[in-house]
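sequence below, structure please.
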Amino acid sequence: MKIRTAIFASLMASVLLAGCQGSAFDDLGMKAEKPLPQKIVAQMKAKGMTRTSPVMVRIFKEEGVLEVWKQKNNGRYDMISSYEICKWSGKLGPKFVEGDRQAPEGFYTVYPAQMNPNSQYYLAFNMGFPNAYDRAHGRTGQHLMVHGACSSAGCYSMTDEQVSEIYAFGRDAFVGGQRAFQIQAFPFRMTAANMARYRNDSNYEFWKMLKQGYDAFEVTKVPPKVDVCEKRYVFNNNAIPSGSPATAACPPTMQSEAISTAFTSYHKTYEAAFSAATTKSGKALSPSIAGLAEAKLVSAWSAARARGEKVSREPPSLNYSAPAATPATAPTSAPAVVPASVPASVPASAPVAAPVPAQAPVTPEAAPAATSVPVPSNNPAAAPVPAENNIMAQDAIEQADTTVTGAVPEKKSLWGMFKK
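Numbers count the residues shown, from 1 in each chain. Here you go, the predicted model:
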């Protein structure tokens, strides 16, 4: 009895000592409840934000940046924090099929049940891939996350310290009553210069569509309402009912004269900048995926490698490169509709209610994981947290792969040591 008491006392002393070193908080499984640093809390207060006000996330692949935006007391959003993405895999361009190693691009929705406090990647939340647009185009894949551990197989991976803060932003917003937060994942910042650089890329038409949502947010600083009709993204069309089929015809939209004027001015400035950019030589292009054909090749390579077959060190590529630059004009597709409640000048005092994304998340077949994120009583049924078993297998393969983006050394989480 004395021996067992002594062992217990020794263990407790170790835990208390670890607490002085700042690790016991995580080791005891409380990392999902870790509060935001006081420095960030002070910054939120200075910007007119509360700890539990709504959030939104923007991701830019080429720049390797994840931004957290938060709603201010005037209803508009402002960036509160920016993080360097530790790793993301694949190339510029959307995810097509499971195993293609592509990190998703598009507009996704995160509900409370997609938050995983027990992730083997420290902390994680599922992006909600495939969404309605992906499913309408037959795209496949699962368990696409933003997580820690700095290891990626089609996910956006952060360091443990970074994901702790990002997770806390979402957790606190749910506590405050936000039903879901939006993730906008782009190949690059959709400036005129960048769009001109990639105007000959095979993914350009897809990126022009994403830019409509990008522009809607740039003009209003309010996350756009996102729907899918005619198998394409549509933004701020309030005539589309919730749950409308992705293949249904898109109803006409109306917008106020003030909003129309604001967007017309924005677009004219963009067109002039785009035209000027086509005559200049921009920085070198980043590799991009050459459509479904290349995605299938990479998927087959991934499957063969997972089976232990001898394959090339790097995944196959169709070696797509953009042809020589040709004269081009700015995109002429219909601009996104901006909410009628936002005036053309978007004054700082104008209150704007943050819209709730209409698209419900897909419910994967994987077993749910426990979640400690509080869910408001008015929150609709949401997707369970998917299992991560197949991600672990893919990550083990990817450790030596030179195609994984990011030069930060992988940081292994100690949490797995305490899991049963």
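
for stretch 120-135, which positions count as buried?
Neighbour-count burial for stretch 120-135, counted by 16 or more other CB atoms under 10 Å, picks out 120-134. Using the backbone N, CA and C atoms, a C-beta is placed for each residue, glycine as well.

what is the nearest of those to E63?
M127 (18.4 Å; CB to CB).

related to what we said a few turns ago, so which of the buried residues of stretch 120-135 belong to helices?
132-134 (DSSP state H).

Throw those residues into TSV and include pLDDT and distance to C86, thanks.
What follows is these, written out as TSV (pLDDT from 0 to 100; distance: CB to CB, whole Å):
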residue	pLDDT	distance to C86
A132	97	29
Y133	98	27
D134	98	25
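
report how many residues lie close to G243.
Applying other CB atoms under 10 Å, we find 10 residues neighbouring G243.

give me phi/psi at it?
With angles defined as degrees, to the nearest 10, G243 sits at phi 80, psi 10.

what's the longest helix in this protein?
Every helix in the chain considered (DSSP H), the longest is helix 257-277.

spatially nearest residue to W301 (excluding sequence neighbours)?
In space, W301 comes closest to P315 once its chain neighbours are excluded; the distance is 4.8 Å by CB to CB, 6 or more residues apart in numbering.

Three-state assignment for that neighbour, please.
Per DSSP: H, G, I helix; E, B strand; the rest coil, the local secondary structure of P315 is coil.

T261 versus that one, what's the distance?
In this view, P315 and T261 are 48 Å apart by CB to CB, to the nearest Å.

again, but for H137
Applying CB to CB to H137 and T261 gives a distance of 34 Å.

again with T109
For T109 relative to T261 (CB to CB), the value is 30 Å.

more neighbours, these two?
Between T109 and T261, T109 has the larger neighbour count (other CB under 10 Å), namely 24 against 14.

what about the more buried one, which helix or strand?
Per DSSP states H and E, T109 falls inside strand 106-110.

so where do the strands sit in the protein?
55-60, 65-71, 77-84, 87-88, 106-110, 115-116, 124-126, 145-147, 156-157, 181-186, 226-229, 232-235 (DSSP state E).

quick one: list the elements packing against the fourth one.
To tie it back to what came earlier, the one meant is strand 87-88. Contact analysis of strand 87-88 by 3 or more CB pairs under 8 Å, 6 or more residues apart in numbering; DSSP states H and E lists strand 156-157 as its packing neighbours.

the strand it packs on pairs with which strands?
Its sheet considered, strand 156-157 pairs with strand 87-88 (antiparallel), strand 145-147 (parallel) by DSSP bridges.

excluding chain neighbours, give the residue nearest to P252 in space.
Closest to P252 by CB to CB, 6+ apart is A239, at 7.1 Å.

how many other residues sit next to the one you found?
Neighbourhood size, A239 [other CB under 10 Å]: 14.

now do the same contact list for it.
A239 makes contacts with 251-253, as judged by CB atoms under 8 Å, 6 or more residues apart in numbering.

hmm, back to that, contacts for the strand holding T109?
57, 94, 125-129, 131, 133-134, 170, 180-185, 210, 213, 226, 233, 357, 359-361.

repeat that with 7 Å
Residues outside strand 106-110 that contact it (CB atoms under 7 Å, 6 or more residues apart in numbering): 94, 125, 127-129, 131, 133, 170, 180-185, 210, 213, 226, 233, 357, 359, 361.
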